[in-house]
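Chemist: predicted coordinates and the sequence they were generated for:
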Amino acid sequence: MQVIIKITRGRKDGSILIIGMTLLAFLLVFAVPQLFQSSPENKVTDKSANYSAALSLAEAGVERVIWELNYGDISNWKGDSASRTMIISSHQAPASDVIGDIEIRVEDPDGENPQVKSTGRVTFTSPLAEGKAARVYLERTTRVELERSGYNWVYSFPQKQMPASSVQGSTI
Amino acid sequence: MQKPTNKRKETAIKRKKREEGLTYIEVLVTMVIFGVALIALLSCFLHGFNVLSRMRRTVIATQSIQKELELIRNMPFNDILTLDSSFTNESLSLLESSSGAVNIEDSLGDDIKKLTVSVLWSYRGKQMRKEVVTYITRKGINRK
């Protein structure tokens, strides 16, 4: 009787070890790669690529204002002589996905030094833990002052290039 | 006379106990458990390296696009119109089977163009793509 008890106790101890180790192995195989996938470094890389796309969109807004002042008609834009705004939604690459939106605001469009604030907004999917993902947006804003050169408007100088720390972004 | 016999017996039992080792099955089970744990750990490391490698390529592609975009922004407007539809630079050569493309599309008028700079590369048989879109105008940024 004593021998049987000993054997049973021995078997129980072993099974706990085996179950524990197997669970740990499964956890390592399936959970840790997910953690890597949603690692901060991975997110930072994706964000850095999208920052650059957002800045290009913001610059596109400035270019658009310069073109409107030189060759187009900015009076068609929403607003009055104090400020005019325009939103270019779903700016798209040829035969590809939507890159993002541009929000342009021009202060004093009829004056000698119109001030342009252009914001490029990029929306992308960011991986989260547990295999989930969230739609995230980030924006970059460029502020410039334009000056008249003869009959044409030229890009004068970046009045304020918003630093990376003030870049806005949020989970949608 | 009995005492020495008992002592000898006890010593023999103790020696036998000391000589008891692990059975083949115990060793085998231990090896399997450690093997599985080791493979699991190794797969984690491999996955980590894989993610790092993919990130490195994304950064290189973004840098290549940025470099080309800055180059184009500093060109006279008429030169942009005659640009090649493909580009290459030293960053791009670091990516496997990569290609850089420049697409200039007509937009609102003759003096404004929609510019798309994109980089394609393959990673583990998968086609990857990064692109940036902007406007370029005749009297625009960096052009007086």
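Modeler: Right, received. Where do you want to start? Numbering: from 1, shown residues only, chains lettered A, B, ... in the order given.
Chemist: now the helices for the chain?
Modeler: The chain I'm using is chain A. According to DSSP state H, chain A carries its helices in the segments A:2-37, A:40-70.
Chemist: meant chain B actually
Modeler: Using DSSP H, helices in chain B cover B:2-19, B:24-73, B:77-81.
Chemist: quick one: closest of these to chain A.
Modeler: helix B:24-73 (3.7 Å; CB to the nearest CB). The C-beta positions use only the backbone N, C-alpha and C, and glycine is treated the same way.
Chemist: just how off-centre is that closest one within its chain?
Modeler: 6 Å (CA atoms, centre = their mean, to the nearest Å).
Chemist: ok, A:A133 touching A:F124?
Modeler: No: between A:A133 and A:F124 there is no contact under CB atoms under 8 Å: 9.9 Å.
Chemist: which one of these two has more residues nearby?
Modeler: A:F124 (19 against 12; other CB atoms under 10 Å in any protein chain shown).
Chemist: what's the spacing between the more buried one and chain B?
Modeler: Using CB to the nearest CB, to the nearest Å, A:F124 is found at 12 Å from chain B.
Chemist: ok, how many other residues are close to A:D108?
Modeler: A:D108, neighbours per other CB under 10 Å, totals 15.
Chemist: and it, backbone torsions?
Modeler: In terms of degrees, to the nearest 10, the main-chain angles of A:D108 are phi 50, psi 60.
Chemist: excluding its backbone neighbours, what's nearest it?
Modeler: A:P114 (5.3 Å; CB to CB, 6 or more residues apart in numbering or on different chains).
Chemist: can you spell out the domain ranges of chain A, please?
Modeler: Taking automatic domain parsing as the reference, chain A has its domains at A:1-37, A:40-171.
Chemist: partner residues bridging the closest residue to B:L115 other than its chain neighbours?
Modeler: Spatial nearest neighbour of B:L115, excluding adjacent residues (CB to CB, 6+ apart): B:I136 at 4.9 Å. Bridge pairing for B:I136 (DSSP bridges) gives the partners B:K113.
Chemist: can you pull the contacts of the closest residue to A:G120 other than its chain neighbours?
Modeler: Once flanking residues are discounted, A:G120 sits nearest to A:L57: 2.7 Å by CB to CB, 6+ apart. Residues in contact with A:L57 (CB atoms under 8 Å, 6 or more residues apart in numbering or on different chains) are A:H91, A:I99, A:G100, A:D101, A:I102, A:G120, A:R121, A:V122, A:R140, B:V133, B:T134.
Chemist: output these as CSV; include the columns distance to A:R64, pLDDT and neighbour count.
Modeler: Output for these, formatted as CSV (distance: CB to CB, whole Å; pLDDT from 0 to 100; neighbours: other CB atoms under 10 Å in any protein chain shown):
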residue, distance to A:R64, pLDDT, neighbour count
A:H91, 10, 69, 22
A:I99, 15, 77, 26
A:G100, 14, 85, 27
A:D101, 13, 88, 20
A:I102, 7, 91, 28
A:G120, 11, 89, 30
A:R121, 15, 88, 24
A:V122, 17, 87, 26
A:R140, 16, 88, 28
B:V133, 12, 87, 25
B:T134, 10, 89, 29
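Chemist: nearest to A:S39, of these?
Modeler: Distance to A:S39, by CB to CB, is smallest for A:V122 among the contacts of A:L57, at 20.9 Å.
Chemist: wait, isn't the closest one in contact with A:L138?
Modeler: Yes: at 5.9 Å, A:V122 counts as touching A:L138 under the criterion of CB under 8 Å.
Chemist: shared neighbours, those two?
Modeler: A:N50, A:A54.
Chemist: picking that back up, least reliable of the helices of chain A going by mean pLDDT?
Modeler: Looking at those, the lowest mean pLDDT belongs to helix A:2-37 (a mean of 65).
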